[in-house]
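Peer 1: the following comprises the amino acid sequence and a computationally predicted model.
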Amino acid sequence: MNDEYMLEGCRKNDRNCQRQLYEKYFRPMAWICYRYVRDREVADDLVHEGFVKVFRRIDSFKNEGSFEGWVKRIMINCCLDHLRKGKRRPDEISVEGVAEPQSDEHDALADLQAEYILEKIQELPTIPRTVFNLNVIEGYPHKDIAQMMKIKESTSRAYLTEAKQLLRESLKKVVNQTERRLYHG
């Protein structure tokens, strides 16, 4: 079933089309939400909340741009709203079960690297992590981030600098530990 058909069905409140659209986009949207909140259950809740908004606002999608991009924007806004409200659960870092298993060794290595990087991003404090995700991962300029987060552009840049510095320090520690193990056996 293609997106156009599913969209038309969703506009008519066809539960089958809603289910298929949800199943198609759940995983990529969960990844997006997980980058913003550390708790997988909270991220899943935000995806569910986002899809409720998608189905309620489906008539406002005018086929300008990609549908996936429109859904993604709703998910990001749900995450930002959640972070603004301060409704965070205790910080836990867990990427277990998030990546799909791959049979190819290269893909498995790439998945491990992606999980590791995601884990390091998850270790960042909330605001620098959010700015990092919006700028580096999503590609938003600081002007847009400042508006979304209700901060100054210069503050957005400062948080991005902080996030990059913290990631750099974290990766240096890992490299140093690995070098010590290699050389001191």
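Peer 2: Yep, that arrived. Numbers count the residues shown, from 1 in each chain.
Peer 1: from here on, just use CA atoms for contacts and neighbour counts.
Peer 2: Fine.
Peer 1: next structured bit after the worst-scoring helix or strand of the chain on mean pLDDT?
Peer 2: Taking mean pLDDT, DSSP states H and E as the measure, the helix or strand of the chain with the lowest value is helix 105-122, at a mean of 68. Sequence order places helix 126-132 as the next helix or strand after helix 105-122, per DSSP states H and E.
Peer 1: which regions of this structure lie under the pLDDT threshold?
Peer 2: For the chain, the stretches flagged by pLDDT under 70 are 1, 87-113, 178-185.
Peer 1: quick one: the helices in this structure, in order.
Peer 2: Along the chain, the segments classed as helices by DSSP state H run 3-11, 15-36, 40-56, 67-85, 105-122, 126-132, 142-149, 153-184.
Peer 1: tell me who's in contact with the residue most central in space within the chain.
Peer 2: Nearest to the mean C-alpha position of the chain, counting by Cα atoms, centre = their mean, stands Ile32 at 2.1 Å. Ile32 is in contact with 72, 75-76, counting by Cα atoms under 8 Å, 6 or more residues apart in numbering.
Peer 1: just to check, Ile127 is in contact with Tyr159?
Peer 2: Yes. Applying Cα atoms under 8 Å as the test, Ile127 and Tyr159 come out as touching, 7.1 Å apart.
Peer 1: just the helices of the chain: most buried one?
Peer 2: Most buried of the helices of the chain, by mean neighbour count (mean count of other Cα atoms under 10 Å): helix 126-132, with a mean of 23.
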